[in-house]
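[1] How does the following fold in three dimensions:
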Amino acid sequence: MNKTALIIGVSGIVGGNLADYLLTQEDWTVYGVARRPGSRTGMNALAVDLQDSAAVNATLQSVKPTHIFLSTWLRQSTEAENIRVNAGMVRHVLDAVSGTKTVKHVALVTGLKHYLGPFEAYGKGNLPATPFREEQPRLDLENFYYAQEDEVFSAAEREGFSWSIHRPHTIIGYAVGNAMNMGTTLAVYASICKELGKPIEFPGSSVQWRSLTDMTDAHLLARHLVWAGTAPAARNQAFNVVNGDVFRWSWMWKRIADWFGVEAAELQGEGVPLERQLADAEPIWKAMSAKYGLTETNLDKLVSAWHTDADLGRPIEVVTDMSKSRKLGFTDYQPTDESFFQLFERLRKDRLIP
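    Have a look, this model is predicted:
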């Protein structure tokens, strides 16, 4: 049966990799929505500001999706504003397609801030025990993830479609200009350190350095989204989604350093945040761009130091349970060091790093 995907946030790390995957599948028609959706062979690109409900209605009026994948957010100065803006964008999309009566499934991508709390209270207070499991209750905090979920639940009850919620850990994958992109951030940082003849210094906490953790490959997440949208057993479920391996950053940091041919400094005490380490790096990157013929001279478009610092600076262990997906039939696995290496190879191939 032919299916029509409406990917909201197609320019991002989740939506872009999902679009790439679906475009290889013969039975999918793909619509990609963003303010600047870009172009992909075979994809119907739709440019719209999701905060403008009238514009969303006009843009989506002729689209008859069977599956909607919601993978976008806009960072705001407070969590109250995060809730207003990000829940509103979900509502605008679902309202715009409600008249089609073609929607069978809606998937929403959130993340581990479901368990860790919003950035204003990130990793603080009374948090659930690790590994995080889907049945753990919501925190007693304002959280735009919860507001987005509630918009999906309300529309599903009203319209009769099934839903799935996907909670990845930090996502490793190809995207340019993404607000949360640890893989590319670390690749640029390591490239700068190599150019300067310096070791890479872990920017996070001693807890993250020595504790177990996990991550999510964007390609694996794309397959998980499609699985949950088409497998009857996955209907109306919330899922954690991670690669399936665990590691310590004290090990991974050396793996990344070896790939770039630089030294990995041992952590002494607490790390120096990347925002501070890269504060004066813009002229260095511009000079490197000219020297190596790189395609992106704007450091800020590649690096999201604030997000990498937030993830690596957490004062608690963060490990995610995947048993629910495994039991229901999703058994894909991805070694996380290979996720980094595959990303680094593509960044080099596209001349985004030397």
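
[2] Surely residue 3 touches residue 26?
    No: assessed by Cβ atoms under 8 Å, residue 3 is found out of contact with residue 26, at 10.6 Å. Quick note: C-beta positions are derived from backbone N, CA and C, even for glycine.

[3] Tell me which of these two has more neighbours.
    residue 3 (18 against 5; other Cβ atoms under 10 Å).

[4] so what's the backbone phi/psi at that one?
    Note on residue 3: backbone dihedrals following degrees, to the nearest 10 are phi -130, psi 150.

[5] got it, and residue 8?
    Taking degrees, to the nearest 10, you get phi -90, psi 120 for the backbone angles of residue 8.

[6] Pull the contacting residues for it.
    Residues near residue 8 by Cβ atoms under 8 Å, 6 or more residues apart in numbering: 15, 33, 34, 50, 68, 69, 70, 71, 72, 89, 93.

[7] Apply 7 Å and report the result again.
    15, 33, 68, 69, 70, 71, 72, 93 (Cβ atoms under 7 Å, 6 or more residues apart in numbering).

[8] Most neighbours among those, which one?
    Neighbour max across these (other Cβ under 10 Å) = residue 69, 31 neighbours.

[9] contacting residues around residue 194?
    260, 261, 262.

[10] what does residue 163 give?
    Neighbour list for residue 163: 105, 106, 152, 153, 156, 236 [criterion: Cβ under 7 Å, 6+ apart].

[11] what two of those residues are the furthest from one another?
    105 and 153 (13.6 Å; Cβ to Cβ).

[12] higher neighbour count, these two?
    Per other Cβ under 10 Å, whichever of residue 105 and residue 153 has more neighbours is residue 105, with 23 against 15.

[13] Identify the bridge partners of the more buried one.
    Note on residue 105: beta-bridge partners by DSSP bridges are residue 67, residue 162.

[14] who's in contact with it?
    Residues counted as contacts of residue 105 (Cβ under 7 Å, 6+ apart) are 67, 161, 162, 163, 229.

[15] Give me the neighbour count for the second one.
    When neighbours are counted by other Cβ under 10 Å, residue 161 registers 23.

[16] do residue 74 as well
    Residues within reach of residue 74, counting by other Cβ under 10 Å, total 15.

[17] Residue 86 is in contact with that one, correct?
    Yes: between residue 74 and residue 86 there is a contact at 6.4 Å, judged by Cβ atoms under 7 Å.

[18] Looking at the contacts of residue 105, which is nearest residue 130?
    Looking across these and measuring by Cβ to Cβ, the closest to residue 130 is residue 163, at 26.0 Å.

[19] any idea of the mean pLDDT in stretch 178-191?
    Averaging pLDDT along stretch 178-191 gives 93.

[20] before we move on, what about stretch 267-276?
    Rounded mean pLDDT across stretch 267-276 is 97.

[21] what's the spacing between it and its chain's center?
    The chain centre lies 24 Å from the centre of stretch 267-276; the measure is Cα atoms, centre = their mean, to the nearest Å.

[22] Show me the contact partners of that stretch.
    Contacting residues not belonging to stretch 267-276 are listed as 185, 189, 201-206, 209, 305-306, 308-309, 313 [Cβ under 7 Å, 6+ apart].

[23] if you set the cut-off to 10 Å instead, what comes out?
    If you take Cβ atoms under 10 Å, 6 or more residues apart in numbering as the criterion, stretch 267-276 is touched by 182, 185-186, 188-189, 201-210, 249-250, 253, 265, 277, 279, 281, 303-310, 312-313, 315.

[24] could you flag which of the residues you listed are buried?
    By neighbour count, with 16 or more other Cβ atoms under 10 Å, the contacts of stretch 267-276 hold 182, 185-186, 188-189, 201-209, 249-250, 253, 277, 281, 303-310, 312-313 as buried.

[25] Now, the residues you listed that are in strands?
    Secondary structure from DSSP state E places none of those in strands.

[26] for the chain, what are the low-confidence residue spans?
    Of all residues in the chain, none has pLDDT under 70.
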